[in-house]
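1. Got a predicted model here, sequence first, then my questions.
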Amino acid sequence: SANLVRLALQESAEIYTYVLLIYFVIAFLLTRVMRGLEKKLKAGVGKAPQKKTAAVRVPEGSGVS
């Protein structure tokens, strides 16, 4: 796509510079997002799963307090 724009505008260096800048911005943002996701997921690795305890419901008038 950069080649088509270059042919239309006849400004090679500028077009490729803009495309390069856009690429690096997108790559940088994706890297930051993936690092954050990795850090978040890594925080839970190695921890024992939480035990779920069932609440025991005692009916009224049963004499149990």
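-> Received it, and whenever you're ready, just let me know what you need. Residues are numbered from 1 along each chain as shown.
2. What segments of the protein are helices?
-> 2-9, 12-43 (DSSP state H).
3. can you list contacts of the first one?
-> Looking back up the chat, that one is helix 2-9. For helix 2-9, contacts defined as CB atoms under 8 Å, 6 or more residues apart in numbering pick out 12, 15-16, 19. Where you see a C-beta, it was placed from the backbone N, CA and C, and this is true even at glycine.
4. Now which of those would you call buried?
-> Ile15 (16 or more other CB atoms under 10 Å).
5. Low-confidence bits of the protein, can you list those?
-> Where the chain drops to pLDDT under 70, the residues are 1-2, 6, 48-49, 54-56, 64-65.
6. hmm, 80 instead?
-> 1-12, 44-65 (pLDDT under 80).
7. picking that back up, adding distance to Lys52, write the helices of the chain out as a markdown table.
-> Listed next are these as a markdown table, based on distance: least, CB to CB, whole Å:
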| stretch | distance to Lys52 |
| --- | --- |
| helix 2-9 | 55 |
| helix 12-43 | 21 |
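8. Go through the ones you listed and name the closest to Gly63.
-> Nearest of these to Gly63, taken as CB to CB: helix 12-43 at 46.7 Å.
9. what angle sits between that closest one and helix 2-9?
-> Counting by axes from the mean of the first three to the mean of the last three CA atoms, to 10 degrees, helix 12-43 points 150 degrees away from the direction of helix 2-9.
10. And helix 12-43, how far out from the chain middle?
-> From the chain centre to the centre of helix 12-43 is a distance of 13 Å (CA atoms, centre = their mean, to the nearest Å).
11. what do you get for stretch 11-31?
-> 22 Å.
12. same thing with stretch 40-54?
-> For stretch 40-54 - counting by CA atoms, centre = their mean - the centre lies 20 Å from the chain centre.
13. just the CA coordinates of it, formatted as PDB?
-> The C-alpha coordinates for stretch 40-54 follow below in PDB (Å, rounded to 0.1, in the frame of the first residue of the first chain):
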ATOM      1  CA  LYS A  40      -1.300 -10.200  35.000                       C
ATOM      2  CA  LEU A  41      -1.500 -13.900  34.100                       C
ATOM      3  CA  LYS A  42       1.900 -14.700  35.600                       C
ATOM      4  CA  ALA A  43       0.800 -13.300  39.000                       C
ATOM      5  CA  GLY A  44      -1.700 -16.200  39.400                       C
ATOM      6  CA  VAL A  45       0.700 -19.000  38.300                       C
ATOM      7  CA  GLY A  46       1.900 -21.200  41.100                       C
ATOM      8  CA  LYS A  47      -0.800 -20.300  43.600                       C
ATOM      9  CA  ALA A  48      -2.900 -23.000  45.100                       C
ATOM     10  CA  PRO A  49      -6.500 -22.800  44.000                       C
ATOM     11  CA  GLN A  50      -8.900 -21.300  46.500                       C
ATOM     12  CA  LYS A  51     -11.000 -23.800  48.300                       C
ATOM     13  CA  LYS A  52     -14.700 -23.200  48.000                       C
ATOM     14  CA  THR A  53     -16.500 -23.800  51.200                       C
ATOM     15  CA  ALA A  54     -20.200 -24.300  51.200                       C
END
